[in-house]
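[1] quick one: sequence plus predicted model below, questions after.
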Amino acid sequence: MSSLSAPDFCLHHTLSAGQTFCWQFAPDTGFWQGYILQNPCRIRQQDSSLHFEGSVTKNQIRDYFSLHPAWTARLKQLPDDPHLNKARLHVHGLRCVREDWFECVCNFICSSLKQIPQIQSINRELRQRYGQALPHGGWSFPGPQALARLTETDLRQCRMGYRARHLLTTARQIDTGAFDWHQIARLNTDEASLHLQQLRGVGPKVASCILLYAAARYDAFPVDVWVQKLMHELYFPKRRQAPSLKQIDKISRLHFGPLRGIAQLFLFHWYRTSYPR
DNA sequence: TGGCAGGGGTTGA
DNA sequence: TCAACCCCTGCC
């Protein structure tokens, strides 16, 4: 068992915030079991220390959980907003993960009209059916090439329903080179979002999630029904109708600035788990 | 036990 | 703008 210091970090908030779907919590041992860059590992937090075992390195853990001083510095740049301040207090230690990009694409294509446990189940099925057994246990997440070889019927066995067609087309778009992930680095976030939306099953919401959780684009602002609800309730309580997606996009830029994605992360997780109703 | 509504979007008409 | 898309869960 190895350890590393992780002050101002909460493993539990970070892994239950709907950013990543390859982790499972074992309440009896207090360990989270999952994968970092195809490395199976078990991690437990005790105060400000992380104890872990598996084939993962300390630096991989630091990169995955954004355990860098830059993160703390970034938080200081968030606006002084009463709701956001409350959210930051309630879900203190929540950080943005840095997920593998292809796994992130697949997770969020499968996330439409699905709840977290179902997305986790699809991730497990994809690994066990179409990944490879890893030397230290567990299964790799299949790459685009492996998925592109499959049929829609194969993918439907992972209980993803109509999303199978989307996932298969996307895997083939990537495998044939019709879509190039590395383009993202050369584009600003709005352009990168449009680039991602060339992939089948990727709309504005899924594209923003991919940019935020796999490309560390902290100005990406995913708007789902929860964010729409919280923006309405917290920021426009007098309006009868919920603000439109376009209005929320505009307001979030003005109100939260270039780190609006981090603001979204805190508000979303707080609203879903601790917001008093 | 079974029927029904609804859910963390996207597509295509 | 809106129905259709699958499957799972919670509720009655």
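    Looks like it arrived, so ask away. Numbering: from 1, shown residues only, chains lettered A, B, ... in the order given.

[2] and A:D8, how many neighbours?
    Burial of A:D8, expressed as a neighbour count using other C-beta atoms under 10 Å, amounts to 12. Where you see a C-beta, it was placed from the backbone N, CA and C, and this is true even at glycine.

[3] oh, I was asking about A:S140
    Neighbours of A:S140 under the rule other C-beta under 10 Å: 17.

[4] what residues are up against the residue nearest to it when sequence neighbours are not counted?
    Sequence neighbours aside, A:G131 is the residue nearest to A:S140 in space, at 4.3 Å (criterion: C-beta to C-beta, 6 or more residues apart in numbering). Residues touching A:G131, when contacts are defined by C-beta atoms under 8 Å, 6 or more residues apart in numbering, comprise A:W139, A:S140, A:F141, A:P142, A:A146.

[5] the second one contacts A:R129, doesn't it?
    This means A:S140. No. Using C-beta atoms under 8 Å, A:S140 makes no contact with A:R129, being 11.9 Å away.

[6] how deep is A:S49 tucked in, by neighbour count?
    For A:S49, the count of nearby residues is 13 (other C-beta under 10 Å).

[7] isn't it right up against A:A6?
    Yes. Under the criterion of C-beta under 8 Å, A:S49 is in contact with A:A6, at a separation of 6.7 Å.

[8] ok, for whatever residue of the stretch 51-200 of chain A ends up closest to DNA strand B, nearest residue in space, not its chain neighbours?
    Taking C-beta to the nearest atom of the strand as the measure, the stretch 51-200 of chain A has A:S112 as its residue closest to DNA strand B, at 3.2 Å. Of all residues beyond its chain neighbours, the one nearest A:S112 is A:R163 (6.6 Å), with distances taken as C-beta to C-beta, 6+ apart.

[9] could you do A:Y35 as well?
    Leaving aside its chain neighbours, A:Y35 sits nearest to A:C22 (4.8 Å; criterion: C-beta to C-beta, 6+ apart).

[10] tell me the contacts of that neighbour?
    Contacts of A:C22 (C-beta under 8 Å, 6+ apart): A:G34, A:Y35, A:E103, A:Q120, A:N123, A:R124, A:R127, A:F141.

[11] which of those residues fall within strands?
    A:G34, A:Y35 (DSSP state E).

[12] so the residue nearest to A:Y35: helix, strand or coil?
    Using DSSP: H, G, I helix; E, B strand; the rest coil, the secondary structure recorded for A:C22 is coil.

[13] relative to DNA strand B, how far out is it?
    Counting by C-beta to the nearest atom of the strand, to the nearest Å, the separation of A:C22 from DNA strand B is 14 Å.

[14] got it, and A:S5?
    According to C-beta to the nearest atom of the strand, A:S5 stands 28 Å off from DNA strand B.

[15] any idea how many residues pack against that residue?
    Using other C-beta under 10 Å, the number of residues around A:S5 comes to 11.

[16] where along the stretch 51-200 of chain A do the helices fall?
    When assigned using DSSP state H, counting those that start in this stretch, the helices of the stretch 51-200 of chain A occupy the ranges A:58-64, A:69-75, A:82-90, A:101-109, A:116-130, A:144-148, A:152-156, A:163-175, A:189-196.

[17] hmm, the fifth one touching DNA strand C?
    It stands for helix A:116-130. Yes. Where contact is defined by C-beta under 7 Å from any atom of the strand, part of helix A:116-130 touches DNA strand C, namely A:P117, A:Q118, A:S121.

[18] closest one of those to DNA strand C?
    In terms of C-beta to the nearest atom of the strand, no member of these lies closer to DNA strand C than A:Q118, at 5.1 Å.

[19] spit out the contact partners of the closest residue to that closest one other than its chain neighbours.
    With C-beta to C-beta, 6+ apart as the criterion, A:Q118 has its nearest non-adjacent residue at 7.7 Å, and that residue is A:R159. Taking C-beta under 8 Å, 6+ apart as the contact definition, A:R159 lies against A:Q118, A:S121, A:I122, A:E125.
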